[in-house]
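**Student:** Build me a structure from this.
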Amino acid sequence: MSTPEVCDPPPFAGRLSGHGGSHAVEVARHHGIDTMFTLSGGHVFPLYDGAVKPEPTMRLLDVRHEQTAVFAAEGIGKLTGRAGLAVVTAGPGVTNAVSGVATARFSGSPLILLGG
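**Tutor:** I've put the predicted structure just below:
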């Protein structure tokens, strides 16, 4: 059994102030994530703000169903070995993402899912 990879803490570890979406996107970037697969929803707008305001911006790929966002992120994880990022809104958005999460788990694909 291998041990999980240990990364350096993000540059702002400790007390935080400012925009939560910006902090979340910065952590994702710190771990090599450059694309957010998503289906737009009000609960996750702060993450979109955090993705498009700083330079360089994080690529946002808006899809038509939450399941598609998770399967796309799972595909990135499978192809690159780095976690794919899927962002879905609360409630049914998270429920619709479950199949993709199960597939990533059984495939051993690195995946991060953020639900509103």
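
**Student:** which residues does the most centrally placed residue in the chain bridge with?
**Tutor:** Geometric centre of the chain, nearest residue: residue 85, 2.7 Å, by C-alpha atoms, centre = their mean. Residues in a beta bridge with residue 85, per DSSP bridges, are residue 36, residue 112.

**Student:** per-residue confidence at residue 110?
**Tutor:** Per-residue pLDDT puts residue 110 at 96.

**Student:** correction: residue 40
**Tutor:** 88.

**Student:** Where does it sit: helix, strand or coil?
**Tutor:** Put simply, residue 40 is coil when judged by DSSP: H, G, I helix; E, B strand; the rest coil.

**Student:** Give me the neighbour count for it.
**Tutor:** Other residues within reach of residue 40, judged by other C-beta atoms under 10 Å, total 14. (Glycine included, C-beta is placed from N, CA and C.)

**Student:** how close does it sit to residue 91?
**Tutor:** Using C-beta to C-beta, to the nearest Å, residue 40 is found at 14 Å from residue 91.

**Student:** for residue 98, same thing?
**Tutor:** Where residue 91 is concerned, residue 98 sits at a distance of 12 Å (C-beta to C-beta).

**Student:** go on, residue 25?
**Tutor:** Taking C-beta to C-beta, one finds residue 25 at 23 Å from residue 91.

**Student:** out of these two, which sits in the more crowded spot?
**Tutor:** Taking other C-beta under 10 Å, residue 25 and residue 91 do not tie; residue 25 has more neighbours (26 against 12).

**Student:** quick one: contacts for the residue lying closest to the more buried one once chain neighbours are set aside?
**Tutor:** Spatially, and ignoring its direct neighbours in sequence, residue 25 is nearest to residue 50 (3.8 Å; C-beta to C-beta, 6 or more residues apart in numbering). Taking C-beta atoms under 8 Å, 6 or more residues apart in numbering, we find residue 50 in contact with 19, 20, 21, 22, 23, 24, 25, 26, 58.
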